[in-house]
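Participant: Show me how the following folds:
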Amino acid sequence: MPPTKKQEYTARHLSVLEGLEAVRKRPGMYIGSTDSRGLMHCLWEIIDNSVDEATEGHATKIEVTLFPDGSVEVTDDGRGIPVDEVPHTGASGVEVVYTKLHAGGKFDGSMYGSAGGLHGVGASVVNALSQRLDVAVRRDAKVWEMSFHRGAPGVFKDAKTRSPDNAFTPFTTQSELRVTGKVAKKTTGTTVRYWADPEIFPQDTEFNYPHLIERAREKAFLVPGLEIVIRDERGLPGTPGEDGPVEEKFKYDGGVVDFVDHLAVDTPVTRTMHITGSGTFLETIQELDKKSGHLKPREVEKRCDVDIALRWGNGYDTREESFVNIIATPKGGAHLVGFEAGLVKTVRAQIDSRSRQLKVTARDPRIDKDDILAGLTAVIAVRFPEPQFEGQTKEVLGTAPIRGIVAKVVEEGLLQELTSTKRDTRMENQRVLEKIVAEMRALVAARTQKEISRRKNALETSTLPAKLADCRSEDIEQTELFIVEGDSALGTAKLARDSEFQALLPIRGKILNVQKASPADILKNQEVSSIIQVVGAGSGRTFDVDAARYGKVIFMTDADVDGAHIRTLLLTLFFRYMRPLVEAGKVYAAVPPLHRVEATGKGRRKGEYIYSYSDADLHQILNRLERQGRSYKEPIQRYKGLGEMDADQLAETTMDPKYRTLRRISLEDEEALRYAEETFELLMGSEVAPRKNFIIEGADDISREQIDA
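Facilitator: Below is the predicted model:
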């Protein structure tokens, strides 16, 4: 093979991208990606500019509208972008903001005390990645407008409707900010409407309405008094606006405390604590010298305000939401690290000081962060000038001194909360410390149990419960674990199952109600412990769905009131301590039949057995037989339990994948999770009064004949 010719590499091969060309060439550097996530990031760059106006007290309302043509419009009643000429540029403020990288009012500390958009590239990047962008500024009793095509200013020839496909004439020598109308002198604000460029974003990329609603709600919580209106006029299938335009409004006055109460889905162990404080730090910044026009270093003192709300619930999931100048930081950063450091230090000190009361001994392991974070819901918001983010997407705060400031504020504020002498507060504090200690012990026990409950190979001895009738297959995706009510049903089920992939675990009667029990009591309970051990993936915070020994877990209980109660207790256990298995759609309820109808033959038709799964189903079967002129044997067999069926009947109706019916237990979204939390606490929790009221209110809706007792 002949040698390849050596390629030349000289200065002429180097490219210099200037202005917005760099953004269009490498959009991922500025917005993270060009999928729906990047599209939403562009929208939030525009919305955050309006939120910054509200944060400084200059705006009270923001309106966002999604149009059917794929465009989006953001309107605020802030001060409006400056329309006068920017010195040394020969261009208006509007043109500079939307065409120049690292340009804006947030580089001057006198304009914005704390703002989210600090890189000065937000609006210009959105403009560069838009097929068309229109800006309307209400200021000085006039409406000023300017349009852009892929970042270049000019004029669109609009006839009846605005469209990015209309003829466009770019400005060649001098740009023009046109006056298109008049407004009242006190009316100010900015409206931006843009069409994302299909050359950058795939055609099927759409604005994520649920994400938009979630983030809008966040902003409204974090800026008390700000009203945010979201309108969706797209009519997309599967969205709330598929049947017509939909509008949602958000406005809250309680700040982060209301935010935590909204986020928390479990039953509270403590009240929502509100911790505030501030601190200062020195930072060397590059400041623009107005005389020379050059940047010069200067050391300045900056103030950081900390606003935190937190509460513990009876669950084990942790929800921490962190924000810097109203900008969400989903990957945390210095402020979140400081919060957790202050939290751990303070709680550890309190447990050490009450070790005798909490029965903590030297043999117990040290309380770690996971023990403290179990069941915690917290919102951490900090505000200070010119934060340093790691990247334009602002997902991580990088300003190091903020860690110490937040940690100190948390230590002082939380210590005051946990040492309060008020009676109710003192009892709550005792409960949360007991919960943390119990979590520590439960996690240690769960880790130990998780290690010994892994599927053993042929050279190892199995420590699984002796009553488990395991299957032979090790293909997790195919295996099924049936949790069977009673030993009598177990015998029939052993004959009915396919032992290649179906395992059986019998339970005796009604298991422990874990909604009311402590972690220690749960681990001591033999039935619950056996279930956790057989599933083999741990429990609570240590649960690892990928380590589960079976691809399906199926509750097989009798079709009566007791069977329903046992199924409810099992659901409570899996929801509370093995929830990822439910979320993964791997938990099912078997549907055994209630009746067996023996239909007689007619003509050449042979006699057959027909199973019904409800009274309504039975009536339909009997009516159908009557229409066919067929009779059936009396009395109709009514199954009181699984043990009344023989192996063939149980296999055919309940266990054989070819014929059976399974009900999948699922949690589709956060709203379903919140409803499930409330329902389990109502029906299975410690508070009796709400459950009594629920039963009394629903008593009239239950027919006495429907109760199988």
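Participant: doesn't Lys691 fall inside a helix?
Facilitator: For residue 691 the amino acid is Arg, not Lys. Yes. Going by DSSP: H, G, I helix; E, B strand; the rest coil, the assignment for Arg691 places it inside a helix.
Participant: Just give the number of residues close to it.
Facilitator: Using other C-beta atoms under 10 Å as the criterion, Arg691 is surrounded by 15 other residues. The C-beta positions use only the backbone N, C-alpha and C, and glycine is treated the same way.
Participant: From Gln515, how far off is it?
Facilitator: 11 Å (C-beta to C-beta, to the nearest Å).
Participant: Repeat that for Ser50.
Facilitator: 44 Å.
Participant: Among those two, which residue is more densely surrounded?
Facilitator: Higher neighbour count among Ser50 and Gln515: Ser50, with 27 against 19, using other C-beta under 10 Å.
Participant: where does the stretch 101-250 of the chain dip in pLDDT?
Facilitator: 102-121 (pLDDT under 70).
Participant: which stretches of it form strands?
Facilitator: 130-139, 142-149, 152-156, 168-170, 178-182, 189-196, 227-232, 246-250 (DSSP state E, counting those that start in this stretch).
Participant: partner strands of the lengthiest strand in the chain, parallel or antiparallel?
Facilitator: Scanning the chain for the strand with the most residues, using DSSP state E, yields strand 295-312. Under the criterion DSSP bridges, strand 295-312 sits next to strand 273-288 (antiparallel), strand 376-383 (antiparallel) in its sheet.
Participant: winner for burial among these?
Facilitator: Counting by mean count of other C-beta atoms under 10 Å, strand 376-383 has the highest mean neighbour count of the strands paired with strand 295-312, with a mean of 25.
Participant: Mind listing residues that contact the helix or strand following it?
Facilitator: Counting by DSSP states H and E, the next helix or strand C-terminal to strand 376-383 is helix 401-418. With C-beta atoms under 8 Å, 6 or more residues apart in numbering as the test, helix 401-418 has contacts from 273, 275-279, 281, 283, 304, 306, 308, 333-335, 337-339, 341-343, 345-347, 349-350, 380, 382, 384, 387, 425, 429, 433.
Participant: Also stretch 247-258?
Facilitator: For stretch 247-258, using C-beta under 8 Å, 6+ apart, the contacting residues are 213, 216-217, 219-222, 224-232, 259, 261, 272, 274, 307-309, 379, 381.
Participant: May I have the distance across that stretch, first residue to last?
Facilitator: 22 Å (C-alpha to C-alpha, to the nearest Å).
Participant: Please spell out which residues along it are buried.
Facilitator: 248, 250, 252, 255-258 (16 or more other C-beta atoms under 10 Å).
Participant: Closest one to Val137 out of those residues, please.
Facilitator: Minimum distance to Val137 across those is 25.1 Å, recorded for Phe250 (C-beta to C-beta).
Participant: Can you spell out which residues form a bridge with the closest one?
Facilitator: Beta-bridge partners, per DSSP bridges, of Phe250: Ile228.
Participant: Okay, it and Asn623: tell me how far apart.
Facilitator: Between Phe250 and Asn623 the distance is 52 Å, computed by C-beta to C-beta.
Participant: gap between stretch 431-450 and the chain center?
Facilitator: 25 Å (C-alpha atoms, centre = their mean, to the nearest Å).
Participant: same thing with stretch 239-246?
Facilitator: That offset, for stretch 239-246, works out to 23 Å (C-alpha atoms, centre = their mean).
Participant: from here on, count from 10
Facilitator: Fine by me, first position is 10 from now on; the one you just mentioned is stretch 248-255.
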